[in-house]
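Participant: Dropping the sequence and predicted coords here.
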Amino acid sequence: MGSTLSPSNDEPVADAFPVHIDIDLSSKCNLRCTFCHLSYFDPPQSTQITAGQFSAALGPDLPKIKKLTLFSKYEPLTCKDFLPIFEQVCCHEIETYFSTNGVLLGPEIAGALVGRLTFLTVSVTGFDTAAYKKHMGSDAFARVQENLTHLNQLKRQRQTHLPQLRLSTVAMSDTLNDLPMAIDFARRFDMTEGVQVTSLIAYDEFFVSKIPILNQEAFRNAARSAQAYAKERGVKLVLQSGTLEENARETLDLGHRACHIPWHRLSIQPNLDVFPCPVASVRLGNLGTRTLGAIWNGPELAAFRLGVNDPDRMNPDCRDCAHCRTKSVARIEVNDRSQSNTCYAGMTRKPAAPSPREDRR
């Protein structure tokens, strides 16, 4: 059960225990997508969770958790203990999900996931070899398709619809015309959850001119055309931040959409640091020294909640919220992070992160 609203003041009411946990199993990624924060920022430390650490930190609480997201900012399949950790989770009735670039989604991983993982998102931007390399920085487009083909074969063999698949792709000025190809890709690989379109955040000056708010008419036209094509092809299409008009209306009062995340969810990093949401910088504690319940009911999270939806005392994290579902796409300062030296959960800008050049793209 998620957070509810108090009838007296319409404020969220916290669950007795966090029913949804997202946890980064590793602080690594096997790709360097040119638009991704990981191309420009380093994590506080390079680490990953072991099966033993996962069991000690979360094992006793797994029966209380309803949803578990095995990623937030990194590639989960780079975790050496992904499979034994997933086996622990599968001992409980938990809705499970993660997002991956799909490159490491080989036969062993697919065999463990099919029929057991609830939802799986595959991130692809660029739908031919050249475009994929341009945006994702890798020649792995064919491998991703091979991995998806094998996973779907296993689903048919085991007569299961799990995991339910979704495609995620990034909308920027030079990918808007690719949305029909994204829709076709999702249809070809039986992605029943369709296509999720995320709007670009610019982590480097090179990308500032590509964000949707600076290309409003092109974005509107592409979105309308893609929605019509998706309907024609029988594919779900979700603009994660909504249309420009919807987003501007829904974020007008607070600067972001009304958010209930810290009332029913926590975010855990590979070093076991705990944060109130996947894009926050306020550290609440560490599962090496405190329990999940103690952090959930602690003063740090109580104080953070007060500044989520209150314009008069809003947390800096919330004022410039970067969460894909709640952020404003209408405010340039939210989507242009090219001058920021810090990023999510304590990340810091790389000392000499090279700016992309059009010729390598």
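Facilitator: Yes, it's here.
Participant: can we go C-alpha only for contacts and neighbour counts from here?
Facilitator: OK.
Participant: low-confidence ranges in the chain?
Facilitator: 1-10, 353-361 (pLDDT under 70).
Participant: Please repeat the previous calculation with a cut-off of 50.
Facilitator: 1-9, 359-361 (pLDDT under 50).
Participant: now the strands for it?
Facilitator: 4-5, 12-13, 20-23, 41-42, 67-69, 95-100, 119-123, 164-171, 195-199, 237-239, 265-268, 273-275, 285-286, 348-349 (DSSP state E).
Participant: Now render those as TSV, adding distance to residue 88.
Facilitator: Below are the strands of the chain laid out as TSV (distance: least, Cα to Cα, whole Å):
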stretch	distance to residue 88
strand 4-5	30
strand 12-13	30
strand 20-23	14
strand 41-42	29
strand 67-69	12
strand 95-100	12
strand 119-123	17
strand 164-171	21
strand 195-199	29
strand 237-239	32
strand 265-268	17
strand 273-275	20
strand 285-286	21
strand 348-349	33
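Participant: and of those, who's closest to residue 256?
Facilitator: strand 195-199 (14.4 Å; Cα to Cα).
Participant: relative to strand 119-123, how tilted is that closest one?
Facilitator: For strand 195-199 against strand 119-123, the angle by axes from the mean of the first three to the mean of the last three Cα atoms, to 10 degrees is 50 degrees.
Participant: so what strands line up beside strand 195-199?
Facilitator: strand 164-171 (parallel), strand 237-239 (parallel) (DSSP bridges).
Participant: Make a markdown table from those and add mean neighbour count and distance to residue 48 to it.
Facilitator: Putting the strands paired with strand 195-199 into a markdown table (neighbours: other Cα atoms under 10 Å; distance: least, Cα to Cα, whole Å) gives the following:
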| stretch | mean neighbour count | distance to residue 48 |
| --- | --- | --- |
| strand 164-171 | 22 | 24 |
| strand 237-239 | 20 | 32 |
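Participant: Including distance to residue 177, could these go into CSV?
Facilitator: CSV is the format used below for the strands paired with strand 195-199 (distance: least, Cα to Cα, whole Å):
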stretch, distance to residue 177
strand 164-171, 9
strand 237-239, 15
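Participant: So for residue 269, which of those strands sits nearest?
Facilitator: strand 164-171 (22.3 Å).
Participant: ok now that closest one, how far from the chain's centre?
Facilitator: 10 Å (Cα atoms, centre = their mean, to the nearest Å).
Participant: measure the nearest residue to residue 335 once chain neighbours are set aside to residue 171 for me?
Facilitator: Spatial nearest neighbour of residue 335, chain neighbours left out: residue 201 (4.6 Å); criterion: Cα to Cα, 6 or more residues apart in numbering. Residue 201 sits at a distance of 10 Å from residue 171 (criterion: Cα to Cα, to the nearest Å).
Participant: Need the residues touching each of the two.
Facilitator: residue 211 (Cα atoms under 8 Å, 6 or more residues apart in numbering).
Participant: Could you pull up the contacting residues of residue 148?
Facilitator: 102, 105, 189.
Participant: Surely the first one is in contact with residue 147?
Facilitator: So the one you mean is residue 102. Yes - with contact defined as Cα atoms under 8 Å, residue 102 and residue 147 form a contacting pair (7.1 Å).
Participant: Neighbour count: these two, which is higher?
Facilitator: residue 102 (22 against 19; other Cα atoms under 10 Å).
Participant: Now for residue 91, how many residues are close by?
Facilitator: 10.
Participant: What of the one 10 residues further on?
Facilitator: Taking other Cα under 10 Å as the criterion, the count of residues near residue 101 is 25.
Participant: Surely it touches residue 120?
Facilitator: No - with contacts counted by Cα under 8 Å, residue 101 stays clear of residue 120, the gap being 10.5 Å.
Participant: ok, which stretches of the stretch 251-361 of the chain are helices?
Facilitator: With DSSP state H, counting those that start in this stretch, the ranges of helices along the stretch 251-361 of the chain come out as 292-296, 299-306, 316-319, 332-335.
Participant: List the buried residues for the last one?
Facilitator: This points to helix 332-335. Within helix 332-335, the residues that qualify as buried are 332, 334-335, counting by 16 or more other Cα atoms under 10 Å.
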